[in-house]
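*Asks:* pasting the sequence and the predicted model now:
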Amino acid sequence: MSLKGRVAFVTGASRNIGRAIALALASEGADLALNTRANRDELEAVAAECRKAGGRVAPVLGDIADPAAVEKMVGEALAALGAIDVLVCNAAIRPHKALTATSPEDWHRVLGVNLHSAFYLIRAVAPGMIERRRGSVDKRTMLARLTPAGKRVTKDMYLAMQRAQERLLEPLLPAERHAFISTLIRLIDGNNHLGRTIFSPTEA
């Protein structure tokens, strides 16, 4: 499989699964816009690894829970790379607290990063995908092992967020789907390793 000539925008790309996704896409020939919120050094290190595969890489720093920041980052990516063919909404957070210790501010931050950001990102990249009649959106939902409620937010709350993420794309994309989009919603658990095949050429 080759993604030569395709451009992917990957959020949460500075470490862990996001880094693995970025490296896998780079190995298949994709050009990349890589995002993290604040740690430029980590992101630049991943970008340097990806460039070894021969593709172009544009690191873009910003908070995906901020719609203005998303518009700015997508604009920077388009200016550097010309298009976005694949959007990978990988970044996610969760409060490492019991439900009763989770503040409204904590909860709204989780919603912003895990759910609202996908809307902001899709809204920003969709016009170009529609115009080119080509594109893929991948909203990743991480089902990591959860420690007891005294340590982290309860499993039911996290699964509720998962369901919201899964359903987000359903009403958002059908009107455009005939024009461009292959929607990919993958659920992975914390024990799975990312395979090399992420997108087929026909999906992007």
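*Replies:* Cool, the structure landed.

*Asks:* quick one, strands of this protein?
*Replies:* Taking DSSP state E, the strands of the chain run over residues 7-10, 31-36, 57-61, 86-89, 135-143, 181-189.

*Asks:* these: lowest mean pLDDT?
*Replies:* For the strands of the chain, the bottom mean pLDDT is recorded on strand 181-189, which sits at a mean of 36.

*Asks:* which residues of the chain score low on pLDDT?
*Replies:* The chain contains residues with pLDDT under 70 at 1, 139-204.

*Asks:* and stretch 79-86, which residues are buried?
*Replies:* Buried residues in stretch 79-86, counted by 16 or more other Cβ atoms under 10 Å: 81, 83-86. In short, each C-beta sits where N, CA and C put it, glycine included.

*Asks:* equivalent analysis for stretch 54-65, please.
*Replies:* 55-65.

*Asks:* what does that stretch contact?
*Replies:* Applying Cβ atoms under 8 Å, 6 or more residues apart in numbering, the external contacts of stretch 54-65 come out as 11, 26, 29-38, 40, 43-44, 47, 50-51, 69-70, 72-73, 76-77, 80-81, 91, 109, 112-113, 116-117, 120-121.

*Asks:* list the contacts of Asn39.
*Replies:* Ser14.
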